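Below is the sequence, then the predicted model.
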Amino acid sequence: MNEVRMRPATEKDRELVYVWANDPLTRAMSFRQDPITRDQHVLWFEKALMEKGVTLLIAERLVDGHWVPCGNVRFDGEGEIHVLVAPEHRHQGLAALLISAALRYAGDRLSLDRVTAHIKEENDASIRAFEKAGFLFVRKTAVRDEPCLEYACVVQKKS
């Protein structure tokens, strides 16, 4: 069984997240498709670690008794979730697990009542993962003038 946990990102994760973010499939499914320069990433990463309301998490999975980074999740200040499964961990059914683990983290530690996701219409894998994690379709919309689908999920608070 795949076990996934979330932990806050640290400065030590900067290079790993940079490599994942510049993966060709990641860029293709992003609303900003140009490759990311190291300088751009350093500024973005520092801001993500410091900005109030933004939470950057590293997803880890248990492999042979060791926790191995397998992706990252970011909640922005508006309650939007951004998910990246590391290229070497794709096609293993992890995306929905990462999303579910991130929602549990949000319910335990963040003051979010509702989380939204914007997904490119052609990104069938992400659509399936978000639906499997309990997200419901809200509407067709656009991000950066690119058509996309908006999904949402209520965050279950830890009691």
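Looks like it arrived, so ask away.

all contacts plus neighbour counts: C-alpha atoms, from now on.
OK.

in the lowest-mean-pLDDT helix or strand in the chain, what counts as buried?
Using mean pLDDT, DSSP states H and E, helix 24-29 stands out as the lowest-scoring helix or strand of the chain, at a mean of 88. Neighbour-count burial for helix 24-29 flags 26-27 (criterion: 16 or more other C-alpha atoms under 10 Å).

which stretches of this structure have low pLDDT?
Confidence mapping of the chain against pLDDT under 70 gives the ranges 1-2, 159.

the helices in it, which residues?
Using DSSP state H, the helices assigned to the chain run over residues 14-21, 24-29, 38-50, 95-109, 124-132.

Can you add distance to Tyr151 and give those helices back as TSV?
Output for these, formatted as TSV (distance: least, C-alpha to C-alpha, whole Å):
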stretch	distance to Tyr151
helix 14-21	22
helix 24-29	16
helix 38-50	23
helix 95-109	13
helix 124-132	8
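
which ones are touching the residue nearest the centre of the chain?
The centre of the chain sits closest to Val83, judged by C-alpha atoms, centre = their mean, with a distance of 1.7 Å. Contact analysis of Val83 by C-alpha atoms under 8 Å, 6 or more residues apart in numbering lists 71-74, 95, 98-99.

Pick out the most distant pair among those.
Spanning the widest gap among those are Arg74 and Ala95, at 13.7 Å by C-alpha to C-alpha.

what about the two, which has more around it?
Per other C-alpha atoms under 10 Å, whichever of Arg74 and Ala95 has more neighbours is Ala95, with 25 against 20.

thought the more buried one was touching Ala86?
No. Between Ala95 and Ala86 there is no contact under C-alpha atoms under 8 Å: 9.8 Å.

can I get the contacts of Val83 in JSON lines with distance to Arg61?
Formatted as JSON lines, the contacts of Val83 follow (distance: C-alpha to C-alpha, whole Å):
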{"residue": "Gly71", "distance to Arg61": "9"}
{"residue": "Asn72", "distance to Arg61": "12"}
{"residue": "Val73", "distance to Arg61": "14"}
{"residue": "Arg74", "distance to Arg61": "17"}
{"residue": "Ala95", "distance to Arg61": "12"}
{"residue": "Leu98", "distance to Arg61": "9"}
{"residue": "Ile99", "distance to Arg61": "13"}
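
out of those residues, which is most surrounded?
Using other C-alpha under 10 Å as the neighbour test, those are led by Leu98, with 29 neighbours.

Report the contact partners of that one.
Per C-alpha under 8 Å, 6+ apart, neighbours of Leu98: 4-5, 59, 71, 73, 83.

Perfect, I'm done here.
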